[in-house]
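Chemist: Let me see the structure of the following:
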Amino acid sequence: MSKKKLETLTYGIVGLGRFGYALAMELAKSGAELLVLDGDEEKVREMREYTENAFVVKTLDKKTLAETGIQNCDVAVVCIGEQIATSILTTLNLVSLGIPKVVSKANSAEHGEILAKLGAEVVYPERDMAIRLANRLETVRVLDFIQLSERLTISKLIVPEKLVGKTVVEADLRSRFGLNIIAIANGSKVMENVKPDYSFCKGDILFLSGSRDGLLNLSEWSEEQ
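Modeler: Numbering: from 1, shown residues only. Presented below is the predicted three-dimensional model:
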């Protein structure tokens with residue numbers, strides 16, 4: 001894979017397990033340029049419907065990786081969480097090839113700590129999915145939840161009944177719960193610039209940023225009699 005002149009991000013996916021395959025498919029759907037590597041010929045053959053840069057690779061040593069051209073990618077993602085030794089070695093090789101951003105999947109805190117020390121950005125897919133599910137279960141009205149960091153979350157929820165008829169100023173979500181309104185949707189209408197005198201309507205979907213605790217406090221308050 002040769003480096004494109006256009007300012008378009010290119011992604012290298014190493015490992016087509018459930019996580020790697022799903023990630024590759026989502027990136028392909030978004031129109032991203034992909035390079036994918038796996039030892040399974042059938043999986044690689046399937047991916048060739050979405051990218052011509054799909055290679056069967058039995059070993060992941062530095063020389064073999066370089067031959068695929070993955071060093072020309074802007075981002076490389078190591079999706080080999082279960083085979084810890086292979087995951088660590090592959091991450092080390094990709095970092096040493098000078099790829100600007102290497103992201104590696106980890107399946108334990110210890111595994112993640114090693115990957116981080118090698119210079120990779122670490123992701124924990126199973127843990128993150130569990131956190132999102134737990135938050136959706138804990139806050140009944142929450143439709144979706146994304147944790148961007150330990151302190152910042154983005155959430156999408158149905159407006160609590162207690163807020164219907166109240167203005168943004170009267171609700172005062174920022175002072176009371178530390179939550180900021182990013183946008184409000186109702187049906188096909190989306191309001192991105194929410195004015196202080198806007199009155200919440202039944203059916204409004206709120207997009208909020210703030211802490212997880214703030215979201216939980218709002219949920220508890222909305223359920224109080």
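Chemist: By neighbour count, which bits of stretch 28-40 are buried? Give me those.
Modeler: Ala28, Ala32, Glu33, Leu34, Leu35, Val36, Leu37, Asp38 (16 or more other C-beta atoms under 10 Å). Bear in mind the C-beta positions are built from the backbone N, C-alpha and C, glycine included.
Chemist: Tell me which stretches of the protein form helices.
Modeler: 18-29, 41-47, 62-68, 84-96, 109-117, 125-138, 168-171, 173-177, 212-223 (DSSP state H).
Chemist: CSV for the ones you listed, including mean pLDDT?
Modeler: Shown next, in CSV, are the helices of the chain (pLDDT from 0 to 100):
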stretch, mean pLDDT
helix 18-29, 89
helix 41-47, 94
helix 62-68, 96
helix 84-96, 96
helix 109-117, 93
helix 125-138, 63
helix 168-171, 95
helix 173-177, 92
helix 212-223, 81
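Chemist: which one of these is the most hemmed in?
Modeler: Among those, helix 84-96 has the highest mean neighbour count (mean count of other C-beta atoms under 10 Å), at a mean of 20.
Chemist: From the contact counts, what lies against it?
Modeler: strand 10-14, helix 62-68, strand 75-78, strand 101-105, helix 109-117 (3 or more C-beta pairs under 8 Å, 6 or more residues apart in numbering; DSSP states H and E).
Chemist: would you list the buried residues of stretch 28-40 in JSON lines and tack on distance to Gly20?
Modeler: What follows is those, written out as JSON lines (distance: C-beta to C-beta, whole Å):
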{"residue": "Ala28", "distance to Gly20": "12"}
{"residue": "Ala32", "distance to Gly20": "14"}
{"residue": "Glu33", "distance to Gly20": "17"}
{"residue": "Leu34", "distance to Gly20": "11"}
{"residue": "Leu35", "distance to Gly20": "12"}
{"residue": "Val36", "distance to Gly20": "8"}
{"residue": "Leu37", "distance to Gly20": "9"}
{"residue": "Asp38", "distance to Gly20": "7"}
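Chemist: tell me the contacts of the nearest residue to Glu126 once chain neighbours are set aside?
Modeler: Take Glu126 and drop its neighbours on the chain: the residue closest to it by C-beta to C-beta, 6 or more residues apart in numbering is Asn107, 7.0 Å away. Listed by C-beta atoms under 8 Å, 6 or more residues apart in numbering, the contact set of Asn107 reads Gly81, Glu82, Ile84, Tyr124, Glu126.
Chemist: which of those sit farthest apart?
Modeler: Ile84 and Glu126 (14.6 Å; C-beta to C-beta).
Chemist: now, among the buried residues of stretch 28-40, which is nearest to Asp172?
Modeler: Ala32 (41.3 Å).
Chemist: what about the nearest residue to that closest one once chain neighbours are set aside, how many neighbours?
Modeler: With C-beta to C-beta, 6+ apart as the criterion, Ala32 has its nearest non-adjacent residue at 5.7 Å, and that residue is Tyr11. Other residues near Tyr11 come to 22 when the count uses other C-beta atoms under 10 Å.
Chemist: isn't Tyr11 right next to Leu34, touching?
Modeler: Yes: assessed by C-beta atoms under 8 Å, Tyr11 is found in contact with Leu34 at 5.5 Å.
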